[in-house]
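Student: dropping a prediction and its sequence here:
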Amino acid sequence: MANKKLILSAIMSTVNTWRHPGLDPKGIFTLEFYKELARTAERGKLDMLFFGDAISLPGQERGDRIAEHVLTRGIEPLTLISALSSHTERIGLISTLNTSYMEPIQIARKMATADLLSGGRTAWNAVTGTIGKDDDNLFKREAMSHADRYERTDEYIELVKKLWRSGASSEAAFHHRGKWFEVNEGLNIPASEQGQPLIIQAGRSVEFQRQAAKTADAVFTTFSNLEEGRAFYANVKNHMAQFGRKRDDIKILPGLRPIIAATEQEALQKQAYLSSLIHPILSINSLSQSLAFDLSDYDPNGPLPELPEPSSRLTHDDLAYRSQLVELASKQNLSILELSRKISDSRGHLSFVGTPEKLADYMEEWLDKEGSDGFNIMFPYLPGGLNDFVDLAIPVLQRRGLFRNRYEGATLREHLGLPD
């Protein structure tokens, strides 16, 4: 374990930061804003930048959108990482693309192109959709059983990988006929320096763990504590042998929201200030989305109401998170507003408030006890949260030998120590 290094991904999300005086809300629609973030992250030698996506906007069906909130959900990630690849040299770039509304050949071609032009530094975050209004913005889908959802996703990802391999092959013949898809031609795009983009998947259910062990290069997930993390870590890694994969062929990265300062007191004051900036309508909208139940007509200072049986559209991961939130509200006797602000702070992920030295202790324990291979860092606000992490936390991690001092490889697979 002494030579093992943390893998650090950074979530580039401006949700909950638009009210901070250090952010120009209109600036997040400029390439310069993201170029500066990418340069800072690359200066800190971070492994990769993650850009999420949402086709729909929570709350719009009730007509209670807040104008500034629109500014937090707008930039299409694949276009953005393609632009950023020409302004960065080493850092990896992750784009979210939705398997429910694009054909495998489309995603395979788009990601292969981005990977080739970036010099082998991209990853695809494969998602099936979000709770909300995605269907209304595109086209209606028939409801799938959970078994069909996972089966379709399995075939989808394997087909995309097969298409990527076809681009690197000299053989012209290509044919795929499965239960869900049929494709008769391969790609005419050669492989990048890393062979093919990484596959990133997010989730935590038992079904997801098996799927990730089969197909993912890295997993983004949520935990409440180290005990949960160790159980998940062991289960995913133990599944891998049945798919002919080694334990190190997948990296598990739980989300972590750090608020750091020179002293504990300063960090606590910073946390209180950041919490005060969260707009109650937006936080309750977000909670409603996570619970798949509209809370807008309930007293925000009252308790969480008894929730009806959830829709069959929810995935196992959605259901698991829903149960986690209900349990949290009950255990801590939280009002609707208190619960909404709590999850708006961390969005269900791990959170830390304290000094850079204590943060390094925390991260090292997770690494040493096999709760994770690193973290997907969620900054409480941008660009300040990223600046704090790079300037205050990274030097401590480097001094302890927990994180690199320089990039040794050129591709994202090389950064993470993954096979081609």
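Tutor: Nice, thanks for sending it over.

Student: quick check: phi and psi at the residue lying closest to residue 183 once chain neighbours are set aside.
Tutor: Counting by Cβ to Cβ, 6 or more residues apart in numbering, residue 176 is the residue found nearest to residue 183 once chain neighbours are left out, at 4.6 Å. All C-beta atoms are positioned from the backbone trio N, CA, C, and that covers glycine. Note on residue 176: backbone dihedrals following degrees, to the nearest 10 are phi -130, psi 130.

Student: mind listing what residue 176 touches?
Tutor: If a contact means Cβ atoms under 8 Å, 6 or more residues apart in numbering, then residue 176 has 159, 162, 182, 183, 184 as its contacts.

Student: just the pLDDT at it, thanks.
Tutor: We have a pLDDT of 94 for residue 176.

Student: for it, give its distance to residue 212.
Tutor: Noted for residue 176: a distance of 22 Å to residue 212, by Cβ to Cβ, to the nearest Å.

Student: got it, and residue 178?
Tutor: Per Cβ to Cβ, residue 178 is found 20 Å from residue 212.

Student: those two: which has the busier surroundings?
Tutor: It is residue 212, of residue 178 and residue 212, that has more neighbours when counted by other Cβ atoms under 10 Å, with 27 against 14.

Student: contacts for the longest helix along the chain, please.
Tutor: For the chain, the helix with the greatest residue count under DSSP state H is helix 146-168. Here helix 146-168 makes contact (Cβ under 8 Å, 6+ apart) with 99, 104-105, 107-109, 111-112, 124, 126, 128, 144, 174, 176, 178-181, 183, 186-191, 195-197, 199, 207-208, 211, 214-215, 315-316.

Student: put the buried members of the residues you listed into a PyMOL selection.
Tutor: With 16 or more other Cβ atoms under 10 Å as the criterion, this PyMOL line picks the buried residues out of the contacts of helix 146-168:
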select buried, resi 99+104+105+107+108+109+111+112+124+126+128+144+174+176+181+183+186+187+189+191+195+196+197+199+208+211+214+215+315+316
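
Student: helices - which of the contacts of helix 146-168 land there?
Tutor: Within these, residues falling in helices by DSSP H are 104-105, 107-109, 111-112, 207-208, 211, 214-215, 316.

Student: adding distance to residue 223 and pLDDT, write those out as a markdown table.
Tutor: Below are the ones in helices among the contacts of helix 146-168 laid out as a markdown table (distance: Cβ to Cβ, whole Å; pLDDT from 0 to 100):
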| residue | distance to residue 223 | pLDDT |
| --- | --- | --- |
| 104 | 31 | 96 |
| 105 | 36 | 95 |
| 107 | 29 | 97 |
| 108 | 32 | 97 |
| 109 | 35 | 96 |
| 111 | 28 | 97 |
| 112 | 33 | 97 |
| 207 | 18 | 86 |
| 208 | 14 | 89 |
| 211 | 18 | 91 |
| 214 | 21 | 94 |
| 215 | 21 | 94 |
| 316 | 16 | 70 |
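
Student: for residue 262, state which of those is nearest.
Tutor: Using Cβ to Cβ, residue 208 is the member of these that sits closest to residue 262, with 39.4 Å.

Student: wait, that closest one touches residue 216, no?
Tutor: No. Residue 208 is not in contact with residue 216 according to Cβ atoms under 8 Å; the separation is 9.4 Å.

Student: if we can go back for a sec, CA atoms of the longest helix of the chain as PDB?
Tutor: C-alpha atoms of helix 146-168 as PDB (Å, rounded to 0.1, in the frame of the first residue of the first chain):
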ATOM      1  CA  HIS A 146     -35.000  -3.300 -14.200                       C
ATOM      2  CA  ALA A 147     -33.700  -6.600 -15.700                       C
ATOM      3  CA  ASP A 148     -34.300  -5.300 -19.300                       C
ATOM      4  CA  ARG A 149     -32.600  -2.000 -18.400                       C
ATOM      5  CA  TYR A 150     -29.400  -3.600 -17.300                       C
ATOM      6  CA  GLU A 151     -29.500  -6.200 -20.100                       C
ATOM      7  CA  ARG A 152     -29.900  -3.400 -22.700                       C
ATOM      8  CA  THR A 153     -27.100  -1.300 -21.100                       C
ATOM      9  CA  ASP A 154     -24.800  -4.300 -21.100                       C
ATOM     10  CA  GLU A 155     -25.300  -4.900 -24.800                       C
ATOM     11  CA  TYR A 156     -25.100  -1.200 -25.600                       C
ATOM     12  CA  ILE A 157     -21.700  -0.700 -23.900                       C
ATOM     13  CA  GLU A 158     -20.200  -3.900 -25.300                       C
ATOM     14  CA  LEU A 159     -21.400  -2.900 -28.800                       C
ATOM     15  CA  VAL A 160     -19.700   0.600 -28.400                       C
ATOM     16  CA  LYS A 161     -16.500  -1.100 -27.300                       C
ATOM     17  CA  LYS A 162     -16.700  -3.500 -30.300                       C
ATOM     18  CA  LEU A 163     -17.200  -0.600 -32.600                       C
ATOM     19  CA  TRP A 164     -14.100   1.200 -31.100                       C
ATOM     20  CA  ARG A 165     -12.100  -2.000 -31.700                       C
ATOM     21  CA  SER A 166     -13.300  -2.100 -35.300                       C
ATOM     22  CA  GLY A 167     -11.700   1.300 -36.000                       C
ATOM     23  CA  ALA A 168      -8.400  -0.100 -34.900                       C
END
